[in-house]
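**Q** Here is a sequence with its predicted model. Questions after.
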Amino acid sequence: MSNHDVFTENLLVKVAWYYYKDNLTQTEISDLLNLSRNKVVRLLDRARAENIVSFHIKGHGVNCLEIEHKLIDAFKIPRTFVIPTPKNELSRSLSKAAAQYIENNIRDNELLGFGWGEAASRTIESLTIDPSMAVSMVTLTGGVNYYFHKRDYSLEGGLDKFKGGIHVIPAPFLASTEEMAKNMLTEPSVKNILDLASLSNHVVVGIGGLSSTSTIIKEEKMTLNELIYIKNQNAVGDILGQFFDAEGHILELPHHNRLIGTQLSTLKKLNNVIGVAGGPDKVDAIFGALKGGYIDTLITDEETARALIKKEVSLNGIHPSP
C-alpha cells in the first residue's frame, strides 16, 4: 500500500471515528482536521461505501419479534431472524440480514460454509468482517462459477475479506454421469474440501423453490423440463440441489447421484445451518426444509413467516403460543 493510500485510509478512519464514536458534528470534525465540511461529508460517504463503517439494526419491530417466537414454537427451530417485508428486492434484504446475523456471531479463526446460489452469493457480498479476524470460507458444492464468474468478488470487496483463506471444491455442481460423480467424490482434492465443509462453524444455504425463475434454472444447472419432472415427484423445494417433499423427506431422484457437494444427511447432523429464503413462491420449500430438520436458523421476512405459521396451523392444527 502506498503512503498516499495509507494516509487516505487513516483519514477515513479518523473521520468515521469522530463522527460515529465521539459524536462530533461534521463542522467540528472539519475544524479539528482542517478540512472543508464538504470534504468531511465525502469522506463519511466513502467510509460507508468501503465498509470501514457498517450499520447493524439491533432492534426489531414488535410484530417481527412476536412472529419469531411463533415460528420457533410452531416448528421447534432453535433460532429465527425475521425482517420486515420490503417493497422490493426481498432476496437482497434477506442476504443483508444473514450477513448481519453472521457478523454478530462470528469469531476469529472460524470457518464459514456457503452453499451454491443467489442467497449465499449475496450474503458474501453483504458480509463485513473485521480485517483483524482470520475468518475462512469453504464452498459446500461444486459449481464455483457463480462466485467467481457471475460476480468478481475479489474486486467488489467480497472474497478478499476472508483473511483465513478460501477453500473451493474443484468440480462442477452436477457431473454428466453417476460414474463420473463417484470418481470425483473420491478425488482427494474434492473429498478433503467436503470433509472440511462439515466442520464449518456457520453454514449458509439458500432454499430453492420450484418456479421457472429459480436460481437452479437461471444458472442452467437444470432444464425446466427436468424441474417439471421433479415437481411431479411431489418435490416442494431443494437445498444444495437435493429435492425434498412437503415433510422434508429426500426424494429418490437420478440427478442426486450426479451431484458434487455436501449431502443433506450431513447437513442435518450440524447445528449451525442458516437458511436464507422468503417470498410466496418459497413458502412450501421453506416449510419442507423446516419439517426435514435441515435448518437451525431461519432468516426470512414477516409475510413469509406468517404464511408458514398459517400453513402449519392449517395442516396440523397446531396453534403457537401467543
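**A** Received the coordinates, thanks.
**Q** Can you give me the buried ones in stretch 276-285?
**A** Residues of stretch 276-285 classed as buried: 276-279, 282-285 (neighbour count, 16 or more other C-beta atoms under 10 Å). To be clear about C-beta, it is placed using only N, CA and C from the backbone, and glycine gets the same treatment.
**Q** Adding secondary structure, pLDDT and distance to Met133, write the residues you listed out as a markdown table.
**A** Below are the buried residues of stretch 276-285 laid out as a markdown table (DSSP: H, G, I helix; E, B strand; the rest coil; pLDDT from 0 to 100; distance: C-beta to C-beta, whole Å):
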| residue | secondary structure | pLDDT | distance to Met133 |
| --- | --- | --- | --- |
| Val276 | strand | 97 | 22 |
| Ala277 | coil | 96 | 27 |
| Gly278 | coil | 96 | 29 |
| Gly279 | coil | 94 | 32 |
| Lys282 | helix | 95 | 32 |
| Val283 | helix | 97 | 36 |
| Asp284 | helix | 96 | 38 |
| Ala285 | helix | 96 | 33 |
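**Q** quick one: which of these is nearest to Gly208?
**A** Comparing the buried residues of stretch 276-285 against Gly208 with C-beta to C-beta places Ala285 closest, at 6.3 Å.
**Q** who's in contact with that closest one?
**A** Contacts for Ala285 (C-beta atoms under 8 Å, 6 or more residues apart in numbering) come out as 207-210, 236-238, 277.
**Q** returning to that earlier point: most widely separated two among the buried residues of stretch 276-285?
**A** Val276 and Asp284 (16.6 Å).
**Q** low-confidence ranges in the protein?
**A** 1-6, 55-64, 144-158, 220, 317-322 (pLDDT under 70).
**Q** so what's the residue nearest the centre of it up against?
**A** The chain has Ala120 as the residue nearest its centroid, 3.7 Å off, counting by C-alpha atoms, centre = their mean. Contacts for Ala120 (C-beta under 8 Å, 6+ apart) come out as 114, 204-206, 276.
**Q** Take those and keep only those in strands.
**A** Assignment to strands by DSSP state E places the following of the contacts of Ala120 there: 114, 204-206, 276.
**Q** hang on, the earlier thing: redo the contacts of Ala285 as a markdown table? Include secondary structure and distance to Asp31.
**A** Listed next are the contacts of Ala285 as a markdown table, based on DSSP: H, G, I helix; E, B strand; the rest coil; distance: C-beta to C-beta, whole Å:
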| residue | secondary structure | distance to Asp31 |
| --- | --- | --- |
| Ile207 | coil | 52 |
| Gly208 | strand | 54 |
| Gly209 | coil | 55 |
| Leu210 | coil | 60 |
| Val236 | coil | 61 |
| Gly237 | strand | 57 |
| Asp238 | strand | 58 |
| Ala277 | coil | 49 |
